[in-house]
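>>> got a structure for you, letters missing:
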């Protein structure tokens, strides 16, 4: 009965009707082979998948992996060894020079002289890429705003010499939390330069998170050229609430801020690439990737240990079920997605230089949660072809394949070649609870959810390899 | 393009095409009103929903709620007050006599005289409803089996005087974990009587769980009439693995088992019912329910604090968005789902006695996880009608509405009246990690996932009330 209802709904929208040029017997045979392969892939990840085991090692034995750090270097060595151990046809590194920022000591933020003359310690973290405060910290009056526009409206007379406190919350009403993130993250990315333009001495922001706890969330900022670089920090949500309450209660608050983060010279690092060589079209490549670097808090489990380990195991799974790809399939562990995208850019640059040809590039960088769908940026005919494979997926795994999506690291490939890019879309409800914070740990990852993501990715690679786009 | 692809797929299956008897303008208006209401409902739960807040109280202030316990009694009083506080039109209790089983001290299971003569303590919990061991425990040789049939095959000569160790694992390969649960739970429910029939003195089972940790999972058993009642306990998965390794290594293991659980006389308890009275058809009722009782470990957060609090807040949400139902809508917090279903049976018995009329009965008893769909047990035309509302739901929330489903507590209503029953289906990947164990705690519930479930339920009630079935 489900088909009946759907049809009436779609018909009412007056869409066109076209049939596939396949005879019934072709279609049945195809369905059967493809269904068996999809079943074998999901069986494999759920019963013998190593994504969770690898992620355990990456998180608990190696830890955080900010570009230029020891952790990043260890992760490069280890993930190369892992792919070599799996017997992939070729495993190699691509040189990438990466930015190298270090957090230094724990940041301090203290609201001074609040009622009863007591100081109030706030939960705070330096925003990635921020400059330090003076060695002994700085103290200034805060001015609370809801947006970058607010700062311009207030102007230099109100902003100069102050610490701008961006407090626009993560919008809980969006069902898709990435929309809420996009709607608030300008405060973190561009808030410092906007405030500096009007003479502010520092900024603090409300952490961009769906959680209601007091764990602060970092992430990158971008300083505009030719504007003074001022320190930038993120408060835990409860601390942001506390600060605004104090401000509204007493009309004026001085904030003490101290951070000793700093920039070091660019450092050598690597993208790590493993490939299964195509039997028929070895020079035509399908990429699946995640980023190996992470922020320097928590363990970078969902962001993006999950996606990078899923990329390795997607290839491993195709190997395990005995599938021999026609095209070359590459797992790419990109370096430096978080604060520079140097790995993604370098990958595309080398692809151009080497005259490589790409069928598609897929990315998993939205967490290791239960799968929901795929988002595809490609011509309509390509999107339609990918959507035609959706019926092979259990509706509890892949519920939709939509137009639009991809990923930061595969973006450059799309820009230089027009390569179709595909973003794996896991459920987004828990992602921004942990994203870029101490709470992004292996313990926040569920084994079955993670492995099902690997299965969905491996199955889609199978279809792309078998039928092309 | 999504519609185009879908159409071609469905057409290839040669389904019938029928149009709704609504003019375009009617349909547009309807769509618009309905879409606005659905948006308002999801807005409300995501920004002001109280499901999480209530569940926090239920779990952290009241705790576990096994039938007959103080916790269950407190939960009845408190949830009644909550619904009265929300100003529901009527809040009342239904008397239910419930079974009263108590766990007593912590169970002990010790593998005796393993290599080197050392004892090995195993992680164990009494299965709900089990009789006690003798006061000083019992010791017997174990015999490992994979199924109830194995016990029959081995027969009295191999089983008599022994402790049967059911060790068939939870099947990880199923995408829908409820299938794995159904596939293994006979060991827990009927394993004791099957073993006793052949002279066993006790059973231990491998916990029925998707987790790989060592936390044991309880749940109910059913003793068959006229067969000796023997003690039954569940081992943590790691303990079960340990026990089987020892057994295979040395060929023979004695197990010491000690439990002092017991049965008390049936106790008085209650279903808690709150209703919004229908403006046009007050005598026609739509039920939405969960069960207020829980097992006596953890906090009964997902099972089924989540569903019972969602039921309350589904009504509260309709109130908050200003919707005045045409039919009477009842939140029913059933008592004793876990070990007797007395509340569900009593509710249907009273419905018959009072000559009540039911439009539909919905249940949320599969955890407070991110929503996936609904399952409907009803005639095809009713299922089709409910499926026609699916397009109003974001595909990240309700991805399908399928034939089949409902819930234990609304089952009796379906049986006596043929009432259409609907089961809310959240994502099932994490449920059996925590189900019936110490890990079923409030901290394992995500606020947005829980509230989205409430939203999905409230929205479906709205459609049923507005358009009937």
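Sure thing, it's come through. These numbers were taken from a predicted model, which means no experiment stands behind them.
>>> Now do the strands in the stretch 51-200 of chain A.
Assigned by DSSP state E, counting those that start in this stretch, the strands in the stretch 51-200 of chain A fall at A:90-102, A:108-114, A:118-122, A:124-126, A:138-145, A:163-166.
>>> Per-residue pLDDT of residue A:200, please?
On pLDDT, residue A:200 comes in at 98.
>>> Who are the contact partners of it?
A:151, A:159-164, A:230 (C-beta atoms under 8 Å, 6 or more residues apart in numbering or on different chains). To be clear about C-beta, it is placed using only N, CA and C from the backbone, and glycine gets the same treatment.
>>> just residue A:209 next, same as before
Contacts of residue A:209 by C-beta under 8 Å, 6+ apart are A:170, A:215, A:217, A:237, A:432-433, A:435, A:437.
>>> Can you lay out the residues you listed as CSV showing pLDDT and distance to chain B?
Shown next, in CSV, are those (pLDDT from 0 to 100; distance: C-beta to the nearest C-beta, whole Å):
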residue, pLDDT, distance to chain B
A:170, 98, 11
A:215, 98, 14
A:217, 98, 16
A:237, 98, 13
A:432, 98, 9
A:433, 98, 7
A:435, 98, 14
A:437, 98, 15
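>>> Out of the residues you listed, the closest to residue A:289 would be?
Of all the contacts of residue A:209, the one with the least separation from residue A:289 (C-beta to C-beta) is residue A:435, at 18.8 Å.
>>> neighbours around the closest one, how many?
Residue A:435 has 25 neighbouring residues, counting by other C-beta atoms under 10 Å in any protein chain shown.
>>> The closest residue to it other than its chain neighbours and chain B, how far apart?
In this structure, residue A:435 finds its nearest non-sequential neighbour in residue A:303, 5.6 Å apart by C-beta to C-beta, 6 or more residues apart in numbering or on different chains. According to C-beta to the nearest C-beta, to the nearest Å, residue A:303 and chain B sit 17 Å apart.
>>> pretty sure residue A:303 is in contact with residue A:369, am I right?
No - the criterion here is C-beta atoms under 8 Å, and residue A:303 misses it with residue A:369 at 11.4 Å.
>>> Any stretches of the stretch 1-150 of chain A with poor pLDDT?
For the stretch 1-150 of chain A, residues meeting the criterion pLDDT under 70 lie at A:1-31, A:115-116.
>>> Helices along that one, start to end?
Shown for the stretch 1-150 of chain A, the helices assigned by DSSP state H, counting those that start in this stretch span residues A:2-12, A:24-48, A:51-56, A:70-85, A:148-159.
>>> Out of the ones you listed, which is the most enclosed?
Counting by mean count of other C-beta atoms under 10 Å in any protein chain shown, helix A:51-56 has the highest mean neighbour count of the helices of the stretch 1-150 of chain A, with a mean of 21.
>>> Summarise which helices and strands the biggest strand by length in chain A is packed against.
Looking across chain A with DSSP state E, the single longest strand is strand A:262-276. Under the contact criterion of 3 or more C-beta pairs under 8 Å, 6 or more residues apart in numbering or on different chains; DSSP states H and E, strand A:262-276 touches helix A:70-85, strand A:90-102, helix A:306-320, strand A:327-334, helix A:342-353.
>>> So for that strand, mean pLDDT?
Strand A:262-276 comes out at a mean pLDDT of 98.
>>> Give me the sheet partners of that strand and which way each runs.
Paired with strand A:262-276 in the same sheet, following DSSP bridges, are strand A:90-102 (antiparallel), strand A:327-334 (antiparallel).
>>> Can you report phi and psi for the residue of chain A found nearest chain B?
In chain A, the residue that lies nearest chain B is residue A:399 (3.4 Å; C-beta to the nearest C-beta). Main-chain dihedrals, residue A:399, degrees, to the nearest 10: phi -90, psi -20.
>>> Now for residue A:203: which residues touch it?
Residues near residue A:203 by C-beta under 8 Å, 6+ apart: A:163-166, A:191-192, A:195, A:230-233.
>>> Dump these to JSON lines, plus neighbour count and distance to chain B.
Converted to JSON lines, the contacts of residue A:203 look like this (neighbours: other C-beta atoms under 10 Å in any protein chain shown; distance: C-beta to the nearest C-beta, whole Å):
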{"residue": "A:163", "neighbour count": "27", "distance to chain B": "29"}
{"residue": "A:164", "neighbour count": "32", "distance to chain B": "26"}
{"residue": "A:165", "neighbour count": "25", "distance to chain B": "23"}
{"residue": "A:166", "neighbour count": "28", "distance to chain B": "20"}
{"residue": "A:191", "neighbour count": "27", "distance to chain B": "24"}
{"residue": "A:192", "neighbour count": "31", "distance to chain B": "29"}
{"residue": "A:195", "neighbour count": "29", "distance to chain B": "28"}
{"residue": "A:230", "neighbour count": "22", "distance to chain B": "33"}
{"residue": "A:231", "neighbour count": "24", "distance to chain B": "32"}
{"residue": "A:232", "neighbour count": "30", "distance to chain B": "28"}
{"residue": "A:233", "neighbour count": "28", "distance to chain B": "26"}
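>>> will you turn those into TSV that also has pLDDT and distance to residue B:463?
Output for the contacts of residue A:203, formatted as TSV (pLDDT from 0 to 100; distance: C-beta to C-beta, whole Å):
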residue	pLDDT	distance to residue B:463
A:163	98	50
A:164	98	47
A:165	98	44
A:166	98	41
A:191	98	43
A:192	98	48
A:195	98	48
A:230	98	53
A:231	98	52
A:232	98	47
A:233	98	47
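>>> buried set for the helix or strand hosting residue A:402?
Residue A:402 is part of strand A:400-403 when elements are defined by DSSP states H and E. Neighbour-count burial for strand A:400-403, counted by 16 or more other C-beta atoms under 10 Å in any protein chain shown, picks out A:400-402.
>>> and that strand, which strands flank it?
Here, using DSSP bridges, strand A:400-403 pairs with strand A:371-377 (parallel).
>>> So which bits of the strand it pairs with are buried?
So, applying 16+ other C-beta under 10 Å, buried residues of strand A:371-377: A:371-377.
>>> so how many other residues sit close to residue A:168?
Burial of residue A:168 is recorded as 18 neighbouring residues (other C-beta under 10 Å).
>>> On the three-state scheme, the residue positioned nearest the centre of chain A is what?
With distances taken as C-alpha atoms, centre = their mean, residue A:365 lies nearest the centre of chain A, 3.8 Å away. Three-state call for residue A:365 (DSSP: H, G, I helix; E, B strand; the rest coil): coil.
>>> Next up, the contacts around it.
A:290-291, A:303-304, A:307, A:337, A:407-409, A:423.
>>> likewise residue A:451?
Contacts of residue A:451 (C-beta under 8 Å, 6+ apart): A:45-46, A:49, A:51-52, A:313.
>>> please redo it, this time with the cut-off set to 10 Å
Contacts for residue A:451 (C-beta atoms under 10 Å, 6 or more residues apart in numbering or on different chains) come out as A:42, A:44-52, A:310, A:313, A:317, A:368, B:172, B:429.
>>> element containing it?
Element membership of residue A:451, judged by DSSP H and E, is helix A:447-467.
>>> next one: residue A:422
Going by DSSP H and E, residue A:422 is in strand A:421-426.
>>> Run through who's touching the next helix-or-strand element following that strand.
As assigned by DSSP H and E, the chain's next helix or strand after strand A:421-426 is helix A:431-434. Contacts of helix A:431-434 with the rest of the structure, by C-beta under 10 Å, 6+ apart, involve A:170, A:177-178, A:180-181, A:184, A:207-213, A:215, A:217, A:298-299, A:301-303, A:366-369, A:439-441, A:444-445, B:446-448.
>>> If any of these are buried, put those into a ChimeraX selection.
If you want just the buried ones from the contacts of helix A:431-434 in ChimeraX, going by 16+ other C-beta under 10 Å, the selection is:
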select /A:170,177,180,181,184,207,208,209,210,211,215,217,298,299,301,302,303,366,367,368,369,439,440,441,444,445 /B:446,447,448
